[in-house]
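Chemist: Any chance you can model this:
(2 chains)
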Amino acid sequence: MSMAGLSLKQAPPISVPFRFFLSAPLFLLLAALALLAAGPAALESRWSQPLLGITHLLTLGFMSMVMSGAALQLLPVLAGAQVPQPRLMAWAIHLPLLAGTLLLCGGLYFSTAILVTLAIPLLALAFAVFLTIAIYNLARAPARNASTHAMLLALAALSLTVGLGLLLAAGITGMLKLSMLPLVVLHVGWGLIGWTTLLVIGVAYQVVPMFQLTQPYPSIVTRWLGSTLFVLMLVWSCHLLLPEPAASRLAIAAACGLAACLATFAVITLRLQQKRRRKVPDIVMQFWRVGLASLLTAAILWLAGQVSTTLANSTFYALALGMLFIIGFVLSVIQGMLYKITSFLIWFHLQGKLPPGKAPHMKDIITDRTARWHWRIHLASLPLCLASAMWPMPWIYAAGCALLLGGILLLTNLYRAWNIYLRAGAKAQGVPV
Amino acid sequence: MQTITDYLSAEHRHCDDMFAEAEAAAAKNDLAAAQAGFTAFHKGMEHHLSKEETIMFPAFEQASGSSMGPTSVMRMEHEQMRELFAEMQAALAAKDTHTYAGLSETLLVLMQQHNFKEEQMLYQMADRTLGDREDIVRQMEALP
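Modeler: Have a look, this model is predicted:
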């Protein structure tokens, strides 16, 4: 890339990422309400229709929503170039993702095939635009490092996950005749371990040392972990092509390797954080720690499931793994980072509009006190979720209420922050507020 | 032989350490230590920024034939940091450790994303394109 072509200017308009960040918590609320409405029936099996709907409210509605907003904000920094037409791109991803997720989740939750049919083109559009922008920008990033490498692998995994998801949706609606189970297994594996974990790993390589002032990750980890995880996922996927007993053996061996990779990442990150140079209490790091502890627990439980068939065949096992991974690991990490990115972006955009020294600082935009309350409730929701996986009645109601409260706190914290931006911005333009 | 990337990145790490010490002292309400830590950090940062602004950036701008490219954004971010330095100093003078903590958090994010762009892109590009990079490191080292 020529020197003159490098643009280090970063910020797309604030509305680009914030439409995603402000929509995402609504899906957490919806998921909690849907869980409470469905009651213990939702947790009768991992395949219950309500549970499929609720899971997608979390993965598509919350996780993908936040990740899309963050990507549109951060890709220009990584790529050293602006994403062209950022507002148009944001529309083209946000609206179909929002509508497609609502339709898909409604269709799954209420077993209504027509809603799933309507969701297919919308989700296909949202992800096609997102993947095109993300892969194009990352592939030309001048910064070639372990992070961008892991993110590219994550995007490959996302492409697979989305492709499998669309096939499954077509299967549900009867458009295609498919043998669903192997496709579901691949969809879940590539979505959670391929896409989500690889993305978190790629992000962690940068943000953990940067914001918590830790040592960098050991180079043996940054060099090998992402590729190993990806190759093991490919190996694991092959078990579906083999006859028994070779299939089971391969699946168990690959799962053990994958669980070891996840545990390694969790333990190394926790160790780095323990020895960080920044000594002040940091609520965002507390979210990270809950997330990493959950990931480690999930990896150990997964390993245990490889040894004990009784455990592996229990409903508790599948439910607990999903809860530890999605709510414990991914939700914790995303919510923590969301606080940091939203409060920084509001400061950043306001300092450009207001006279020097007048922009509120990050801890005035989202206070430690309210973020800490959210963290406490989120932490409390985890044992309640696990209890509900074992004894749906009555624990599902406690878990649902804790998730609902956590969602409300996230929502109010983010909307209060957004309101600070709007009021200060209006004041800067002399508009009465 | 030291590259521009190595030399200036090491300064980032050194400034991070001083930043963390000042922040930790302010969090413990130890105002004297916080002031001493902040003064050291501020001095270190200003020295680092002026090495870039008076030696490395001009050399880069001359080689690329433009002062409107990446270095102009970096200079702008330096000004944003300087505004925060002034606010942090004012917060310490007013014994307001809450405000200091919030400004410190804000500065950290601004500074780290700035350092990322310099270390991952600008410095490496300078190392590749500036023929006399050892001389540039020497000049920066000699800056009082």
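Chemist: Around chain B, which positions in the stretch 301-433 of chain A sit nearby?
Modeler: A:340, A:344, A:347-348, A:351, A:356-357, A:361-364 (C-beta under 8 Å from any C-beta of the partner chain). Glycine gets a C-beta too; all of them are placed from N, C-alpha and C.
Chemist: And the buried ones among those, selectable in ChimeraX?
Modeler: Entered in ChimeraX, the line below selects the buried ones among these, by 16 or more other C-beta atoms under 10 Å in any protein chain shown:
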select /A:340,344,347,348,351,361,362,363,364
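Chemist: what's the most distant pair in the residues of the stretch 301-433 of chain A next to chain B?
Modeler: A:K340 and A:P356 (23.4 Å; C-beta to C-beta).
Chemist: Could you list the low-pLDDT ranges of the chain?
Modeler: Picking chain A for this. Scanning chain A for pLDDT under 70 picks out A:1-10, A:81, A:431-433.
Chemist: actually chain B
Modeler: B:1.
Chemist: ok, 80 please
Modeler: B:1, B:66-69 (pLDDT under 80).
Chemist: quick one, phi/psi of the spatially most central residue of it?
Modeler: By C-alpha atoms, centre = their mean, chain B has its centre lying nearest to B:M45, at 4.5 Å. Torsion angles at B:M45 (phi, psi; degrees, to the nearest 10) stand at phi -70, psi -50.
Chemist: Return the distance of the closest residue to it other than its chain neighbours relative to A:T367.
Modeler: Nearest-residue entry for B:M45: B:C15, 5.4 Å, with adjacent residues in sequence omitted and distances by C-beta to C-beta, 6 or more residues apart in numbering or on different chains. Distance of B:C15 to A:T367, given as C-beta to C-beta, to the nearest Å: 27 Å.
Chemist: Comparing those two, which residue is more hemmed in?
Modeler: The residue with more neighbours, out of B:C15 and A:T367, is B:C15; 21 against 18, by other C-beta atoms under 10 Å in any protein chain shown.
Chemist: What distance do you get for that one to chain A?
Modeler: Distance, B:C15 to chain A, using C-beta to the nearest C-beta, to the nearest Å: 11 Å.
Chemist: OK, contacts around A:I283?
Modeler: Under the criterion of C-beta atoms under 8 Å, 6 or more residues apart in numbering or on different chains, the neighbours of A:I283 are A:336, A:339, A:368, A:371-372, A:375.
Chemist: One more pass at 6 Å, please.
Modeler: A:368, A:371-372, A:375 (C-beta atoms under 6 Å, 6 or more residues apart in numbering or on different chains).
Chemist: so can I have CSV of these showing neighbour count and secondary structure?
Modeler: Below are those laid out as CSV (neighbours: other C-beta atoms under 10 Å in any protein chain shown; DSSP: H, G, I helix; E, B strand; the rest coil):
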residue, neighbour count, secondary structure
A:D368, 18, helix
A:A371, 22, helix
A:R372, 13, helix
A:W375, 23, helix
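Chemist: before we move on, the earlier item: which ones among the residues of the stretch 301-433 of chain A next to chain B are found in helices?
Modeler: A:340, A:344, A:347-348, A:351, A:362-364 (DSSP state H).
Chemist: still on that earlier bit, among the contacts of A:I283, which one lies nearest to A:L125?
Modeler: Out of the contacts of A:I283, the member with the shortest distance to A:L125 (by C-beta to C-beta) is A:A371, at 34.7 Å.
Chemist: Find the nearest non-adjacent residue to the closest one, please.
Modeler: Using C-beta to C-beta, 6+ apart and skipping the chain neighbours, the partner closest in space to A:A371 is A:I283 (4.6 Å).
Chemist: From A:N413, how far off is that neighbour?
Modeler: In terms of C-beta to C-beta, A:I283 sits 11 Å off from A:N413.
Chemist: for the stretch 1-150 of chain A, what spans make up the helices?
Modeler: With DSSP state H, counting those that start in this stretch as the criterion, the stretch 1-150 of chain A has helices at A:15-38, A:49-56, A:65-79, A:86-109, A:113-139, A:146-172.
Chemist: wait, which of those helices is closest to B:E83?
Modeler: It is, among the helices of the stretch 1-150 of chain A and with distance given as C-beta to C-beta, helix A:65-79, at 20.9 Å.
Chemist: What helices and strands are in contact with that closest one?
Modeler: Applying 3 or more C-beta pairs under 6 Å, 6 or more residues apart in numbering or on different chains; DSSP states H and E, one finds that helix A:65-79 contacts helix A:15-38, helix A:113-139.
Chemist: quick one: which of those is nearest chain B?
Modeler: Between chain B and the helices and strands packed on helix A:65-79, the tightest spacing by C-beta to the nearest C-beta is seen for helix A:113-139, at 13.2 Å.
Chemist: so what's A:L404 up against?
Modeler: Taking C-beta under 6 Å, 6+ apart, one finds A:A32 in contact with A:L404.
Chemist: so which strand or helix has it?
Modeler: Using DSSP states H and E, A:L404 sits in helix A:392-428.
Chemist: Go through that helix and flag the buried ones.
Modeler: Buried, per 16+ other C-beta under 10 Å, within helix A:392-428: A:392, A:395-411, A:413-414, A:417-418, A:420-421, A:424-425.
Chemist: and of the contacts of A:I283, the nearest to B:R82?
Modeler: A:D368 (26.0 Å).
Chemist: Leaving out sequence neighbours, find the closest residue to the closest one.
Modeler: Counting by C-beta to C-beta, 6+ apart, the residue nearest A:D368 is A:I283, at 5.7 Å.
Chemist: before we move on, back to that, ramachandran coordinates for the residue nearest to B:M45?
Modeler: Here is the backbone geometry of B:C15 (degrees, to the nearest 10): phi -70, psi -40.
Chemist: thinking again about what came up before, got the angle for the helix holding A:L404 vs helix A:15-38?
Modeler: 150 degrees (axes from the mean of the first three to the mean of the last three C-alpha atoms, to 10 degrees).
Chemist: What is the neighbour count of A:F110?
Modeler: Residues within reach of A:F110, counting by other C-beta under 10 Å, total 11.
Chemist: and the gap between it and A:G39?
Modeler: Separation of A:F110 from A:G39 (C-beta to C-beta) stands at 15 Å.
Chemist: Over to A:R277?
Modeler: Look at A:R277 and A:G39: by C-beta to C-beta, they are 48 Å apart.
Chemist: Show me the domain layout of chain A.
Modeler: For chain A, the structural domains run A:13-143, A:302-418, going by automatic domain parsing.
Chemist: Give the buried residues for the host helix or strand of B:N115.
Modeler: Assigned by DSSP H and E, B:N115 falls within helix B:97-117. Within helix B:97-117, the residues that count as buried by 16+ other C-beta under 10 Å are B:97, B:99-117.
Chemist: In contact with residue 57, which residues are there?
Modeler: Picking chain A for this. Per C-beta under 6 Å, 6+ apart, neighbours of A:L57: A:27, A:30-31, A:105.
Chemist: that's the wrong chain, I wanted chain B
Modeler: Contacts of B:F57 were listed using C-beta under 6 Å, 6+ apart, and they are B:T71.
Chemist: let's see it at 10 Å
Modeler: By C-beta atoms under 10 Å, 6 or more residues apart in numbering or on different chains, the residues touching B:F57 are B:51, B:67, B:70-72, B:74-75, B:78, B:122, B:126.
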